[in-house]
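Asks: Predicted coordinates and the sequence they were generated for:
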Amino acid sequence: MSVKTLTIDGVDLAIEEGATLLTAAKEAGVHIPTLCHLEGVTDVGACRLCLVQIEGSNKLLPACVTEVAEGMKVHTNTETIQEYRRMVVEMLFSEGNHICAICVANGNCQLQDVAIEVGMDHTRFPYRFPERGVDVSHDRFGIDHNRCILCTRCVRVCDEIEGAHVWDVAGRGPASRVISGLAQPWGEVEACTSCGKCVDACPTGSLFRKGSTVAEMEKDRGKVEFLVTAREDRKWTR
């Protein structure tokens, strides 16, 4: 496989063809914030937090789904990028019902962490306060759609790692939502194996374990990464 040479924030590096800019940035020791990215599952560029600037291009590109090219000069932390990232987080907070003080994931939430990282302490956009439901029909888990940011990590983990295909996205635009089965209550979906991978993959408090109260929910995303590695190394077969 051929190797591509490029520059990221002034750091020269060589990486194999087909690698993404996000992977290349990690190789170069450059941090790029993400929300929808999860190691071991396919990237979809849903959250747009990993936008980067490439010299010669008139638009910002998501690092997680943009492949490296020979001679690229990439900038990951310009003032323009910082403004866009802050705006993305502001929109995420304004379009949902994210009330951290009563969330099970308060203090252990990636959306919170990213908001702090990009310096978002308020939103310039009006809150939509959408009417979204909570499904606690499953005997072990629940989903609060008010806290969902449509990163689709649960969809991809269930599909690509567990192979159960329980989750999907329905609707368009502001009406988009994550659904279980064919819009069935989660507890009625026979395909669900109750493995909990979707819960550990969720970056917010949208998917939670029953019995968790405010700030008690801790998600071990290392479990998902271990499963991916184990399957790739053929430590077991399904």
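Replies: Arrived safely. Not measured: the values here are computed from a predicted model. Residues are numbered from 1 along each chain as shown.
Asks: check contacts around the residue nearest the centre of the chain.
Replies: What sits nearest the mean C-alpha location of the chain, by C-alpha atoms, centre = their mean, is Cys36, with 1.8 Å. Shown in contact with Cys36 (C-beta atoms under 8 Å, 6 or more residues apart in numbering): 43-47, 49, 64, 151-153. All C-beta spots, glycine's among them, are computed from the backbone N, C-alpha and C.
Asks: Could you tell me how far the closest residue to Arg86 other than its chain neighbours is located from Glu83?
Replies: Ranked by C-beta to C-beta, 6 or more residues apart in numbering and with sequence neighbours excluded, the top spatial neighbour of Arg86 is Val118, at 4.7 Å. Counting by C-beta to C-beta, to the nearest Å, the separation of Val118 from Glu83 is 9 Å.
Asks: residue boundaries of the helices in the protein?
Replies: Remark: helices assigned in the chain by DSSP state H are 21-27, 79-95, 110-118, 153-157, 197-201, 222-232.
Asks: Now for Gln82: which residues touch it?
Replies: For Gln82, the contacting residues are 118-119, by C-beta under 8 Å, 6+ apart.
Asks: ok so, going back, would you list the contacts of Cys36 in a markdown table and tack on distance to Gly222, neighbour count and pLDDT?
Replies: A markdown table is the format used below for the contacts of Cys36 (distance: C-beta to C-beta, whole Å; neighbours: other C-beta atoms under 10 Å; pLDDT from 0 to 100):
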| residue | distance to Gly222 | neighbour count | pLDDT |
| --- | --- | --- | --- |
| Asp43 | 19 | 20 | 97 |
| Val44 | 22 | 16 | 96 |
| Gly45 | 24 | 17 | 96 |
| Ala46 | 22 | 20 | 96 |
| Cys47 | 21 | 26 | 96 |
| Leu49 | 21 | 25 | 97 |
| Cys64 | 20 | 25 | 97 |
| Cys151 | 18 | 26 | 97 |
| Thr152 | 20 | 22 | 97 |
| Arg153 | 14 | 29 | 96 |
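Asks: Now distance to His75 too, for those, in JSON lines please.
Replies: Converted to JSON lines, these look like this (distance: C-beta to C-beta, whole Å):
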{"residue": "Asp43", "distance to His75": "20"}
{"residue": "Val44", "distance to His75": "23"}
{"residue": "Gly45", "distance to His75": "18"}
{"residue": "Ala46", "distance to His75": "22"}
{"residue": "Cys47", "distance to His75": "19"}
{"residue": "Leu49", "distance to His75": "16"}
{"residue": "Cys64", "distance to His75": "16"}
{"residue": "Cys151", "distance to His75": "25"}
{"residue": "Thr152", "distance to His75": "27"}
{"residue": "Arg153", "distance to His75": "27"}
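Asks: nearest to Glu188, of those?
Replies: For the contacts of Cys36, the closest approach to Glu188 (C-beta to C-beta) belongs to Thr152, at 21.8 Å.
Asks: my read: that closest one touches Arg177, true?
Replies: No: because the distance of 11.4 Å does not satisfy C-beta atoms under 8 Å, Thr152 is recorded as not touching Arg177.
Asks: between the two, what contacts are shared?
Replies: Shared contacts of Thr152 and Arg177, defined by C-beta under 8 Å, 6+ apart, comprise Val169.
Asks: since we're on Ser137, how many residues are nearby?
Replies: Residues lying near Ser137 (other C-beta atoms under 10 Å) number 15.
Asks: now the strands for this structure?
Replies: 3-8, 11-16, 51-54, 61-62, 73-75, 134-135, 141-144, 167-170, 177-180, 207-209 (DSSP state E).
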